[in-house]
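**Student:** here is a sequence with its predicted model. Questions after.
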Amino acid sequence: MDIIFIEGFTGHTVIGIHETELHHAQPLVIDLQAGVPRARACDTDRIGDTIDYSVVRERLQQLMAHHKLQLLEAFAEAIADMLLVDFGARWVRVKVAKPRKFDDVQAVGVQIERDATDVAPATREAGRQAAVVQLLGSGLVPGRRD
């Protein structure tokens with residue numbers, strides 16, 4: 001399995017359950033790994049035959065700007081679903097951390113692992129269709145990952 005990864009993606013978003021967290025953006029650090037069976041890009045040298053981490057980065061930025069989630073667990077799940085459904089990953093590991101949330105700890109957060117069997121087939125197909133529409137609108141055409 002080939003692993004596409006992004007380490008140390010940092011952005012700001014409003015997330016949390018405490019009153020002090022609900023009105024001001026706070027930093028999050030995201031590490032993710034997305035597994036694909038031997039990427040065809042190894043043979044073709046075409047970005048359409050693998051997961052384009054620049055597009056994943058853009059989608060992370062959009063998620064941070066527009067989500068309405070409160071828990072890091074739900075936020076990490078949204079990222080995992082995006083990678084599995086929209087990008088065709090077969091396995092993902094997502095770590096979301098709030099750095100320096102407390103004075104006496106470096107970070108708090110959550111790390112989850114999911115695989116393609118965790119996503120319902122109807123959800124997967126709906127996600128693929130939405131991803132194709134989004135990519136077509138941006139001028140990019142996705143490679144088939146079946």
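**Tutor:** Structure's in. What do you need?
**Student:** R100: what's it in contact with?
**Tutor:** Neighbouring residues of R100 by CB atoms under 8 Å, 6 or more residues apart in numbering: 106-107. No exception for glycine: its C-beta is placed from N, CA and C like everyone else's.
**Student:** quick one: it and Q106, what's the gap?
**Tutor:** Using CB to CB, to the nearest Å, R100 is found at 7 Å from Q106.
**Student:** got the contact list for L72?
**Tutor:** 15, 28, 96, 98, 109-110.
**Student:** let's see which of those end up in strands.
**Tutor:** 28, 96, 98, 109-110 (DSSP state E).
**Student:** which one (most neighbours) among the residues you listed?
**Tutor:** Highest neighbour count within the ones in strands among the contacts of L72: V96, with 26 neighbours (other CB atoms under 10 Å).
**Student:** partners of that residue in the sheet?
**Tutor:** Assessed by DSSP bridges, V96 has beta-bridge partners I30, V110.
**Student:** related to what we said a few turns ago, which member of the contacts of L72 is positioned nearest T44?
**Tutor:** Closest approach to T44 among these (CB to CB): V96, at 32.6 Å.
**Student:** correct me, but the closest one touches F75?
**Tutor:** Yes. With contact defined as CB atoms under 8 Å, V96 reaches F75; the gap is 5.7 Å.
**Student:** any residues in contact with both of the two?
**Tutor:** L28.
**Student:** what residue lies at the spatial centre of the protein?
**Tutor:** Note on the chain: the residue nearest the mean C-alpha position is I79, at 3.3 Å, using CA atoms, centre = their mean.
**Student:** with just CA atoms, put the helix or strand hosting that residue into CSV.
**Tutor:** If you go by DSSP states H and E, I79 is part of helix 72-81. Extracted C-alpha coordinates of helix 72-81, given in CSV (Å, rounded to 0.1, in the frame of the first residue of the first chain):
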residue,chain,number,x,y,z
LEU,A,72,-12.5,17.0,17.3
GLU,A,73,-13.7,13.4,16.9
ALA,A,74,-16.5,14.5,14.5
PHE,A,75,-14.0,16.9,12.7
ALA,A,76,-11.5,14.0,12.3
GLU,A,77,-14.4,11.8,11.0
ALA,A,78,-15.3,14.4,8.4
ILE,A,79,-11.7,14.4,7.2
ALA,A,80,-11.6,10.6,7.1
ASP,A,81,-14.9,10.5,5.1
